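Trainee: With the input below, show me the fold.
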Amino acid sequence: MDWAKKAEDQVSKLVSNLEIEKKGETKDDADAPDVASPAETSLLLKIIRKGLVESKLDLEVQRQDPSSPLYSVKTFEKLHLKPEILKGIYNMGFNAPSKIQENALPILLADPPQNMIAQSQSGTGKTAAFVLAMLSRVDTKLDYPQVLCLSPTYELAIQTGEAAARMAQFCPDIKLKFAVRGEEVAPGTKLTDHIIIGTPGKVLDWALKYRFIDLKKIRVFVLDEADVMIATQGHHDQCIRIHKQLSPKCQMLFFSATYDKEVMEFAEHIVPEANIIRLRREQESLDNIKQYYVKCNSEEEKYQAIQNIYGSITIGQAIIFCHVSIVHLFKN
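Mentor: Model (predicted):
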């Protein structure tokens, strides 16, 4: 039996037939929704879609050099990776490149290095793509930071670092370090780790205030969740200060699940001669995540709708996201 299909049919039928008892609309200021930040939303999406999601959608690829041949890869062997990195990829469960990896990896690993602005949904292999590029650019004979990856939050930085550590598990000479809250370095230290993964504020302190990192020596600069970083004022300013210290030869990679028009224009401005990979706006939803909309006129109707749906489906697990405190929701 196809349990996924059964659950989908069950939810579709339930939502379409949903009836809500209306008892009037009542809502006071105490019920005002808590607004999740873009960084929190991004983290939730990454957790929900932690397994690789296969996408059948076509990506738009805009090459910096239109005369350069455009090609994709169907196997990781075609990329001529170091055996240790290839072994790490397979050990992570990747059997073949995902859609974005097929198109992005030949550009990310090109010689000479090329800049990129890439967009694809969470769970489609973006993190693995730029982590692979990060590991491939490291020269272990050099004992200073060569790769810098910025994330908007502690949690997202840790998640990226964990992915990098798993992919590099057969590369004992590659050293990674987190630049996040709680990580301390003795004054006067010059870091010898090859890859630094952290948040903008901490990296800015380590690089400009304490001089632990020489940003001029960074070969690859990755901005993860670039839309959040660019659109959030504090992160935006910190990223600009870091960006100004980088060498013009540094490879710059911006990755995100979404880009609005203003953010994309800004990214194109600060990432010179970038190759751009993105989805069409109407294709940003995932094929295998069904979305339904139930109109409710009050908090009470919303709660009843949730009860009706959750009480009727028989799938093993479900997650309910709320704009108000879960304690407040069930109390009322």
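
Trainee: Can you report how many residues neighbour the nearest residue to residue 257 once chain neighbours are set aside?
Mentor: The shortest distance from residue 257 to any residue that is not its chain neighbour, by C-beta to C-beta, 6 or more residues apart in numbering, is 5.1 Å, and that residue is residue 122. In short, each C-beta sits where N, CA and C put it, glycine included. If you count neighbours by other C-beta atoms under 10 Å, residue 122 ends up with 22.

Trainee: who's in contact with the residue nearest to residue 231 when sequence neighbours are not counted?
Mentor: In space, residue 231 comes closest to residue 263 once its chain neighbours are excluded; the distance is 5.7 Å by C-beta to C-beta, 6+ apart. With contact set as C-beta atoms under 8 Å, 6 or more residues apart in numbering, residue 263 has these partners: 226-227, 230-231.

Trainee: Most neighbours of all those, which one?
Mentor: Highest neighbour count within the contacts of residue 263, by other C-beta under 10 Å: residue 226, with 27 neighbours.

Trainee: you'd agree that one is up against residue 117?
Mentor: Yes. Counting by C-beta atoms under 8 Å, residue 226 does reach residue 117; the two are 7.5 Å apart.

Trainee: Common neighbours of those two, please.
Mentor: 254, 259, 267.

Trainee: and the second one, which of the three is it?
Mentor: Right, residue 259. Under DSSP: H, G, I helix; E, B strand; the rest coil, residue 259 falls in the coil class.

Trainee: Next, count neighbours for it.
Mentor: Based on other C-beta under 10 Å, the number of other residues close to residue 259 is 24.

Trainee: residues in contact with it?
Mentor: With contact set as C-beta under 8 Å, 6+ apart, residue 259 has these partners: 117, 119, 226-227, 267, 278.

Trainee: cool, and the last one?
Mentor: By C-beta under 8 Å, 6+ apart, residue 267 lies in contact with 117, 226, 230, 254, 259, 274.

Trainee: all strands of the protein, in order?
Mentor: Under the criterion DSSP state E, the chain carries strands at the ranges 60-62, 116-119, 147-150, 176-179, 195-198, 220-224, 251-256, 275-278.

Trainee: So which residues make contact with stretch 106-113?
Mentor: With C-beta under 8 Å, 6+ apart as the contact definition, stretch 106-113 has outside contacts at 71-73, 79, 81, 114, 116, 129-130, 132-133, 136-137, 219-220, 251, 253, 275, 277.

Trainee: Which residue ranges of the stretch 151-300 of the chain form helices?
Mentor: Chain-ordered helices for the stretch 151-300 of the chain, with DSSP state H, counting those that start in this stretch as the definition, fall at 154-167, 200-204, 226-231, 233-244, 261-270, 299-312.

Trainee: so how far is the fifth one off the chain centroid?
Mentor: Same thing as helix 261-270. 18 Å (C-alpha atoms, centre = their mean, to the nearest Å).

Trainee: again, but for the last one
Mentor: Its chain's C-alpha centre and that of helix 299-312 lie 32 Å apart, by C-alpha atoms, centre = their mean.

Trainee: how about that helix: buried residues?
Mentor: Within helix 299-312, the residues that qualify as buried are 299-306, 308-309, counting by 16 or more other C-beta atoms under 10 Å.

Trainee: coming back round to it: now the shared contacts of residue 226 and residue 117 as TSV including pLDDT and distance to residue 143?
Mentor: TSV is the format used below for the shared contacts of residue 226 and residue 117 (pLDDT from 0 to 100; distance: C-beta to C-beta, whole Å):
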residue	pLDDT	distance to residue 143
254	95	28
259	82	36
267	88	32
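
Trainee: circling back to that earlier point, separate out the buried members of the contacts of stretch 106-113.
Mentor: When the contacts of stretch 106-113 are checked for burial by 16+ other C-beta under 10 Å, the buried set is 72-73, 79, 81, 114, 116, 129-130, 132-133, 136-137, 219-220, 251, 253, 275, 277.

Trainee: wait, what's in contact with the spatially closest residue to residue 224 that is not a sequence neighbour?
Mentor: Nearest residue to residue 224, sequence neighbours excluded (C-beta to C-beta, 6+ apart): residue 151, at 4.7 Å. Applying C-beta under 8 Å, 6+ apart to residue 151 gives the contacts 157, 159-160, 197-199, 224-225.

Trainee: 10 Å instead?
Mentor: For residue 151, the contacting residues are 39, 42-43, 127, 157-161, 180, 197-200, 222-225, 228-229, 235, by C-beta atoms under 10 Å, 6 or more residues apart in numbering.

Trainee: Since that was my last question, I'll sign off now.
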